[in-house]
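Novice: Requesting a structural model of the entry that follows:
(one chain, ligands or ions: 2)
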Amino acid sequence: MKCQMCHKDINEKREFTSILLLKRMKAQTCKECLNLFEKIGDKHCSTCYKKSELEKCQDCWNWERKGNKVNHKSLYVYNQAMKAYFSVFKFQGDYLLADQFSTDIRQSLKCYKDYTIVPIPISQQRMETRKFNQVEALLEAAQIPYQTLLEKKDIVSQTTKNKKERMNSEQVFNRKEGVDIPMKVLIVDDIYTTGHTIFLAKEMLKEIGVKEVASFSLAR
Ligand SMILES: [Zn+2]
Ligand SMILES: [Zn+2]
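Specialist: Ligands and ions are numbered 1, 2, ... in the order given. Prediction:
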């Protein structure tokens, strides 16, 4: 068996029964590769979980100045290993990899019991090339029920937009038609970098009547 990250052989003895159960087991990652993933420890920004000595990071201060109160949790540092993981997972479409962090994710989302879980959508164009939404795949692997409330707009050229559309062109999400709007939503994304995607999703959810919005990502 080869490690899915570094492709080195994993010399682990397997019992016959575990070979039969292989399909239901986690994708195989060697110990060396697993050690490269870094869990976010105790020292993190209190509002976005960025690894930090500061109580609140600069990103969050900037958001607050713009009137956005960040309420985000994350599990892992977005380091080289995490980058490698996502590039294999997203761009090579390796569905087995979705299971890698499922126990962690399930554990972390336990404290959002009364929230409706809403994954960040990908556009129709992206869906056609990638064939799957990586955030939905992570949630499915973790057996977490979710609801899709948003749709990501396809990129439309400026000339075909009317004036109102141009004014709103920063917003990349639409409300999905015919869905009930819950009171509390937890937005789930794979990676939180600038917080901009989550911010736009949050804006749209508030606009359609969601009262409370928090967010979660696998990596920060
Ligand atoms: Zn490896
Ligand atoms: Zn922060």
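
Novice: what sits against G93?
Specialist: Residues near G93 by C-beta atoms under 8 Å, 6 or more residues apart in numbering: R130, K131, F132. Every residue, glycine included, has its C-beta placed from N, CA and C.

Novice: pLDDT value on it, please?
Specialist: The model reports G93 with a pLDDT of 70.

Novice: Output the contacts of G93 as JSON lines; include the columns pLDDT.
Specialist: Formatted as JSON lines, the contacts of G93 follow (pLDDT from 0 to 100):
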{"residue": "R130", "pLDDT": "86"}
{"residue": "K131", "pLDDT": "88"}
{"residue": "F132", "pLDDT": "90"}
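
Novice: Show the buried residues in the residues you listed.
Specialist: Neighbour counting with 16 or more other C-beta atoms under 10 Å marks none of the contacts of G93 as buried.

Novice: Of those, just say which sits nearest to E140.
Specialist: Taking C-beta to C-beta as the measure, E140 sits nearest to F132 out of those, at 9.6 Å.

Novice: on that earlier part again, now render the contacts of G93 as TSV, adding distance to ligand 1 and secondary structure.
Specialist: Below are the contacts of G93 laid out as TSV (distance: C-beta to the ion, whole Å; DSSP: H, G, I helix; E, B strand; the rest coil):
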residue	distance to ligand 1	secondary structure
R130	24	helix
K131	25	coil
F132	24	coil
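
Novice: so L97 sits right up against V88, yeah?
Specialist: Yes - with contact defined as C-beta atoms under 8 Å, L97 and V88 form a contacting pair (6.2 Å).

Novice: more neighbours, those two?
Specialist: L97 (23 against 15; other C-beta atoms under 10 Å).

Novice: contacting residues around that one?
Specialist: Q4, A27, Y85, V88, F89.

Novice: residues from the protein in reach of ligand 1?
Specialist: Proximity of the chain to ligand 1, by C-beta under 5 Å from the ion, involves residues C3, M5, C6, C30, C33.

Novice: The strand or helix carrying S215 and ligand 2 in contact?
Specialist: Using DSSP states H and E, S215 maps to strand 212-219. No - applying C-beta under 5 Å from the ion, one finds strand 212-219 separated from ligand 2 by no less than 11.8 Å.

Novice: Quick one: residues contacting A98.
Specialist: F89, Q134, A137, L138, E140, A141.

Novice: quick one on the thing from earlier: just put the residues of the chain next to ligand 1 in TSV and tack on distance to L54.
Specialist: Output for these, formatted as TSV (distance: C-beta to C-beta, whole Å):
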residue	distance to L54
C3	36
M5	32
C6	34
C30	35
C33	30
